[in-house]
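Asks: sequence first, then the predicted structure, then my questions.
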Amino acid sequence: MEQTLSTSLLENKLAVKGMFGTAIDFYTKDITLMGYPCCICMLEGLSSIERLWVMMLEILSKPETQPQTPEELYDYILKQTAIPLESKSVVCLEDARVQLTAGTSVILIDGVARGLVLSTQSMQYRSIQEPSGEGNLRGSRESFTEPLRVNISLVRRLIRTEELMVETMTVGERTQTEVALLYNTKLAPAAVLTAVKRRLQAAKLPFLFDTGYLTGFLQKSRFSFFQSVGYTERPDTACAKICEGKVVIMANGSPFAMIVPYFFSENFQSMDDYSEKAYFASIIRVLKYTAFLIAVMLPGVFVSVANFTPELFPPELLYKVASAELATPLPLFLEALFVNFLLEVVREAGLRLPKPIGHSVSLVAALIVGDAAVSAGIIGTPIIIVAALTAICTYVVPSLYEPITVLRILFILAGGLLGPLGIVALFFWMLLGMCGMNAFGIPYMSPIAPGSKAFLQDGLLRRSWRRLAQANFSIRELPGGETEELE
Amino acid sequence: MNEQATVSAKQLCILLFLSLCVDMAVRSFTSGGMPPAQRAIPAAILNAAATSLLLIFPLRLQRGGTGEAWRGDALGTKLLSFFSALVLAAAGAAAAIRAEEFFRYGCDEPMPHLLVYTVFLSAAFYALRCGMESLVRAVGIATGIFLASMLLMLLSNIGGMRLFNLAAEPFEVRGILQTAVHGFVLPPELLLFFLLRPYVDAAEKTPVYRTIAMLCLFYIALSFCAQAVLGAWAEAQTQTVHTLSRLGSLSVFRRLDALHTAAWMLAELCKLSALACGVQSAVLRILPKRLQKYADRYAVGMLALLIPVCIGLGQETLYCAFTVATAALLAVMTIYGHIREGSYAKKNG
């Protein structure tokens, strides 16, 4: 049960102090305001003491009237002064905790069972910087940062219509993290919105430090390599998705906004596509789809062809592959697995280590694997070339890195063990898996399968802005709407 | 799994289109080569017309009736459902056998039969687990790949086309009729129109005749290409279309047949899965409720059981049996539908 504040200042002070214990950042100061004993509470680092005194003293040092009771003082400060106060007062300890941890200051007055909340937030946070993983040639250079309010303001700055709705809730039993839902009231399908809210409310997490924690709760439980939620660190991308009728979810402390529903084809889109000429954007899109297929299938197909149907290689290439394989101890199939495994190890090592050491890891890997292993005849050159080409292609579609990596290994296994039949069968399985996914009632593969004109408008190709503006796309136009999944 | 699958009539027709047109690319090894285009094209038109005529009555009943006769259950009785399941499972088994033979034919290093069939059946099983919705969407992509492969094959053979191969011969009605009769097949896949219809919105019209027309056009294009490239040799080929794919080349790309074979094998897997879906749909009507959740296993099990049986029967016998069985099932379905319509009309005054 929530403990409400009492009229005794001493009791209230002790209760609030009890909540934070001996925390060194918890700051309290007993003061007398217009003759009444009061106490100011704040958390240093989240609130600024200087700001508080500037706000308070200038006004309260020259009172226009003298309140007769503590309640009058409370009303006077709340209604008659120009002090920036939050509209909500603190009535219980839980309120006090929420306000103090949000960076505001609380003034407790002796004889009043409520506390005033002053907007004295002064948090330290990372400034708005350029996006680290979604670089663009044109367009905005801003990326989201950690505080939720700053992120919401970044979106609000770009969408200034009354249709933008921001709803907040808290998730995380031990962290009580604020989560915000941003959507367009006219474009977001009501069924999708209801499903998102219901699933978020049902998410029982002990703590939440990133929007990624929510993925499992937002998707259906069926296993898939792909996911029907997307991420962005760019406010302009988030706004563009909101303008398509999607829901953007942001969590306090995470610079990544989550987009739901998210479709397969969106992994191949970037903000630059819409700034460039339509023909060039279309070429880039085709290139990305090709890169995805190469990244997933090339090593598997290479192993399959080399082992089962070598006659498909041109004679010159066949000779090179055969001579390289003769000089190495491992069969091609194992070599492909080994090189890909090594590639992932190097990537992981480079990612987690401090940057200067990370570079050394890359250098060592390049020297040992790329040069020494080939020179020593442990690994053949063709497989290194294939692995390198595959790795480069993987980075063309970074958002699909995880499924690409796993599927690539599976394709190598299928190609090595079952040959072309394995490749075709696994491709069929992959298609079935992808096509069977629904993102909040809308097919994940939309607009590719089931096909719709959107695929040629802004899917594989990108039509000119004249055409796109006429089409005025929103997710309501996509086929699907299987209510079963939404329930 | 999304049980309340919503499939459009167009998707259902694409599924049938792919299931049937893959038979034209991957032919049975006992069916012989393609007859000359001058006979094959009119014969194909005749056969398409005959098939359309045969489908008029069941389709009219489906569309124009009160709907009571077909509501959720085109094949009213359990006996009819059982026979449909049997015919479709046999068709699936025949498709698997033919695909395995074709794969062995196209691949220099043949794989053990059992392994190939295991891969086929597990693909079909996974398709059933994913559901009808997933299958029709995957088939949409597979159809795109298949048609792209065909277009590529056509383009790669342009250089090899000889106009003198297309020289007209005296028109022979008898020869055309003979070819039409010899080539007439009522594929069991047609039953899928009725079996899988409950997945589609009842108000939506199924473009069946358009699908048959498209199939006919597809066959005409293949016939024309085979005749133009191979001439009289077309008749001597066991796998005419594969020969075309082997001959075709674009610039330095000389082994495009590997790409085509992969696309056709994908189409074969789709066909097998579609038939397995049909079997599952029919089996669901037979099984008691407590066993219905295992319908996918029973469907794949039926396919697996019928593979050795079909291997023993031989492809020619099988295709004749399919035509007879499909025709009989369609006829019984129509009669049964009329009876149900009649009794429904009587009951409602």
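Replies: The structure has been received and is ready for your questions. Numbers count the residues shown, from 1 in each chain, chains lettered A, B, ... in the order given.

Asks: where does A:M165 fall, helix, sheet strand or coil?
Replies: The three-state label given to A:M165 by DSSP: H, G, I helix; E, B strand; the rest coil is strand.

Asks: and the one 3 residues further on, by the same measure?
Replies: With three-state DSSP as the basis, the three-state label of A:T168 is strand.

Asks: so the residue nearest to it when sequence neighbours are not counted bridges to which residues?
Replies: Among residues not flanking A:T168 along the chain, A:A180 sits closest, at 4.9 Å (CB to CB, 6 or more residues apart in numbering or on different chains). Using the backbone N, CA and C atoms, a C-beta is placed for each residue, glycine as well. Beta bridges link A:A180 to A:T168, A:M250, judged by DSSP bridges.

Asks: low pLDDT regions in the stretch 201-350 of chain A?
Replies: Along the stretch 201-350 of chain A, segments meeting pLDDT under 70 span A:221.

Asks: residues of it that sit close to chain B?
Replies: Residues of the stretch 201-350 of chain A lying near chain B by CB under 8 Å from any CB of the partner chain: A:222, A:305, A:308-309, A:311-312, A:314.

Asks: for the closest residue to B:F146 other than its chain neighbours, helix, strand, or coil?
Replies: Nearest in space to B:F146, with sequence neighbours left out and distances taken as CB to CB, 6+ apart, is B:A267 at 4.7 Å. Using three-state DSSP, the structure places B:A267 in helix.

Asks: once you drop chain neighbours, what's closest to A:V397?
Replies: Residue nearest to A:V397 in three dimensions, not counting chain neighbours: A:F292, with 5.1 Å by CB to CB, 6+ apart.

Asks: Provide the secondary structure category for the one you found.
Replies: helix.

Asks: again with the one 3 residues further on
Replies: On the three-state scheme (three-state DSSP), A:A295 is labelled helix.

Asks: related to what we said a few turns ago, out of the residues of the stretch 201-350 of chain A next to chain B, which are inside helices?
Replies: Counting by DSSP state H, those place A:305, A:308 in helices.

Asks: in ChimeraX, select just the buried ones from the residues of the stretch 201-350 of chain A next to chain B.
Replies: With 16 or more other CB atoms under 10 Å in any protein chain shown as the criterion, this ChimeraX line picks the buried residues out of those:
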select /A:305,308,309,312
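
Asks: which one of the residues of the stretch 201-350 of chain A next to chain B is nearest B:E235?
Replies: Using CB to CB, A:E311 is the member of these that sits closest to B:E235, with 27.4 Å.

Asks: and stretch B:47-67, how far out from the chain's middle?
Replies: 18 Å (CA atoms, centre = their mean, to the nearest Å).

Asks: show residues contacting it.
Replies: Residues outside stretch B:47-67 that contact it (CB atoms under 8 Å, 6 or more residues apart in numbering or on different chains): B:69-70, B:74, B:180, B:183-186, B:190, B:193-194, B:197, B:202, B:205-206, B:208-209, B:212-213, B:215-216, B:327, B:330, B:333-334, B:337-338, B:341, B:344-345.

Asks: 7 Å instead, please
Replies: Outside of stretch B:47-67, the residues within contact range by CB atoms under 7 Å, 6 or more residues apart in numbering or on different chains are B:69-70, B:180, B:183-184, B:186, B:190, B:194, B:197, B:202, B:208-209, B:212-213, B:215-216, B:330, B:333-334, B:337-338, B:341, B:344.

Asks: please apply the same query to stretch B:142-149.
Replies: Residues outside stretch B:142-149 that contact it (CB under 7 Å, 6+ apart): B:14, B:17-18, B:22, B:259-260, B:263-264, B:266-267, B:270.

Asks: what does chain B put close to chain A?
Replies: Neighbours of chain A within chain B, by CB under 7 Å from any CB of the partner chain: B:1-4, B:6, B:8, B:11, B:103, B:107-109, B:111, B:116, B:119, B:123, B:126-127, B:130-131, B:134-135, B:137-138, B:140-141, B:255, B:258, B:262, B:265-266, B:269.

Asks: where does residue 52 sit, in terms of helix or strand?
Replies: Using chain A here. Secondary-structure assignment from DSSP states H and E places A:L52 in helix A:49-60.

Asks: you looked at the wrong chain, it should be chain B
Replies: helix B:37-64.

Asks: for that helix, buried residues please.
Replies: Applying 16+ other CB under 10 Å to helix B:37-64 flags B:37-48, B:51, B:54-55, B:57-59, B:61-62 as buried.

Asks: for the residue lying closest to A:T211 once chain neighbours are set aside, give me phi and psi.
Replies: Sequence neighbours aside, A:M258 is the residue nearest to A:T211 in space, at 4.1 Å (criterion: CB to CB, 6+ apart). Note on A:M258: its backbone torsions stand at phi -100, psi 140 [degrees, to the nearest 10].

Asks: would you state the helices of chain B in chain order?
Replies: With DSSP H as the criterion, chain B has helices at B:9-25, B:37-64, B:78-106, B:113-130, B:132-156, B:173-183, B:190-195, B:208-230, B:240-247, B:257-286, B:295-313, B:315-347.

Asks: mind putting these into CSV with mean pLDDT?
Replies: Converted to CSV, those look like this (pLDDT from 0 to 100):
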stretch, mean pLDDT
helix B:9-25, 92
helix B:37-64, 87
helix B:78-106, 91
helix B:113-130, 95
helix B:132-156, 95
helix B:173-183, 88
helix B:190-195, 86
helix B:208-230, 93
helix B:240-247, 90
helix B:257-286, 93
helix B:295-313, 94
helix B:315-347, 84
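
Asks: let's have the ones you listed in a markdown table, adding distance to A:V112.
Replies: Shown next, in a markdown table, are the helices of chain B (distance: least, CB to CB, whole Å):
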| stretch | distance to A:V112 |
| --- | --- |
| helix B:9-25 | 68 |
| helix B:37-64 | 78 |
| helix B:78-106 | 78 |
| helix B:113-130 | 64 |
| helix B:132-156 | 62 |
| helix B:173-183 | 96 |
| helix B:190-195 | 76 |
| helix B:208-230 | 79 |
| helix B:240-247 | 88 |
| helix B:257-286 | 71 |
| helix B:295-313 | 69 |
| helix B:315-347 | 78 |
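
Asks: out of these, which is closest to A:V196?
Replies: Proximity to A:V196 (CB to CB) singles out helix B:132-156 among the helices of chain B, at 22.0 Å.

Asks: next, the angle from the closest one to helix B:9-25.
Replies: 50 degrees (axes from the mean of the first three to the mean of the last three CA atoms, to 10 degrees).

Asks: quick one: helix B:132-156 to chain centroid distance?
Replies: Relative to the chain's own centre, helix B:132-156 is displaced by 14 Å; criterion: CA atoms, centre = their mean.
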